[in-house]
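Colleague: Sequence and predicted model, in that order:
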Amino acid sequence: MGVSFRLVVVDTSREARILAVATLDEPTRRRLYDHVVRQAAAVTRDEAATALGLPRATAAFHLDRLADEGLLDVVFERRTGRSGPGAGRPSKLYRRSENHVEVSLPEHRYDLAGRLLAAAIEDAEATGESPREALDRHARQLGNQLAATARDAGTTEAGPETVMRILEAQGFEPRTDEDAIVLGNCPFHTLAQQHADLVCEMNLCLISGLLAGLSTKLQAHLRPQPRHCCVRLEPA
């Protein structure tokens, strides 16, 4: 039986995702990536090199680069099916990564909205709570979790800079406006175009949960304006 492990990319920041996608700009690397993901099973360096007519060293270099960027997973298996002493060293193989890399400009987080909406529907079916109430509750909880993550990372001061850094990581593009903070982007823009009340209230609850978790002197309010998120942060 083969022994395998998956390379996990811890850094999922916007910069890391852009770098991962930019890795495919190199033509040979993109060809190797396309070849690997089209195969039913993981492939070795030799198999990839032969299929694309490349030197083995070239294929190995680019495959490892794709793995380093989280686009491919590395697996070690014994192709002979033998195990134990004398079975030889496992081969190094590559397959499509289980990590999903997505880049959008401006930043969109429809995956996040989907998780919140799915959790709200499940709770509503299980408890009889209205889906809207469940969604708002889950959004506040997510805000609390973002605040807890910041505290666990060593954040000791919960000033406007901390709030802006967290909101920036979530795609809101925060900007200062005198003593307030405005949000230049809604990560759920397309969804908000059709369901503005639902999405704006979800945003308000998420950011309110963040502010409560950080114990800041800011409060979130609905202040819709063109080309901005509907939420504005103002001094309490």
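Modeller: Structure's in. What do you need? All values reported here derive from a predicted model rather than from experimental measurement. Numbering: from 1, shown residues only.

Colleague: Identify each buried residue in stretch 119-127, please.
Modeller: By 16 or more other C-beta atoms under 10 Å, the buried positions in stretch 119-127 come out as 119-120, 123-124. (C-beta placed from N, C-alpha, C; glycine too.)

Colleague: Identify all contacting residues around it.
Modeller: With C-beta atoms under 8 Å, 6 or more residues apart in numbering as the contact definition, stretch 119-127 has outside contacts at 129-132, 134-135, 137-138.

Colleague: Please report the distance of Arg38 from Asp197.
Modeller: Using C-beta to C-beta, to the nearest Å, Arg38 is found at 44 Å from Asp197.

Colleague: of the contacts of stretch 119-127, buried ones?
Modeller: 134-135, 137-138.

Colleague: May I see these arranged in CSV, with distance to Glu107 as well?
Modeller: CSV is the format used below for the buried ones among the contacts of stretch 119-127 (distance: C-beta to C-beta, whole Å):
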residue, distance to Glu107
Ala134, 26
Leu135, 21
Arg137, 25
His138, 21
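
Colleague: wait, which of those is closest to Leu112?
Modeller: His138 (10.8 Å; C-beta to C-beta).

Colleague: for the closest one, what are its contacts?
Modeller: So His138 contacts 116, 119-120, 123 (C-beta under 8 Å, 6+ apart).

Colleague: Let me have those in a markdown table, extended by secondary structure.
Modeller: As requested, the contacts of His138 are arranged in a markdown table below (DSSP: H, G, I helix; E, B strand; the rest coil):
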| residue | secondary structure |
| --- | --- |
| Leu116 | helix |
| Ala119 | helix |
| Ala120 | helix |
| Asp123 | helix |
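
Colleague: biggest helix in this protein, by residue count?
Modeller: helix 131-152 (DSSP state H).

Colleague: Could I get the average pLDDT for that helix?
Modeller: For helix 131-152, mean pLDDT rounds to 95.

Colleague: Flag every buried residue along that helix.
Modeller: 134-144, 146-147, 150.

Colleague: what do you get for stretch 69-80?
Modeller: 69-75, 77-78.

Colleague: got it, and stretch 47-61?
Modeller: So, applying 16+ other C-beta under 10 Å, buried residues of stretch 47-61: 47-49, 51, 54, 58-61.

Colleague: now stretch 196-213
Modeller: Quick answer for stretch 196-213 (16+ other C-beta under 10 Å): 198-211, 213.

Colleague: In helices only, show me the residues you listed.
Modeller: Per DSSP H, the subset of the buried residues of stretch 196-213 in helices is 198-211, 213.

Colleague: and the two most separated of the buried ones among the contacts of stretch 119-127?
Modeller: Going by C-beta to C-beta, the two entries of these that are most distant from one another are Leu135 and Arg137, at 7.3 Å.
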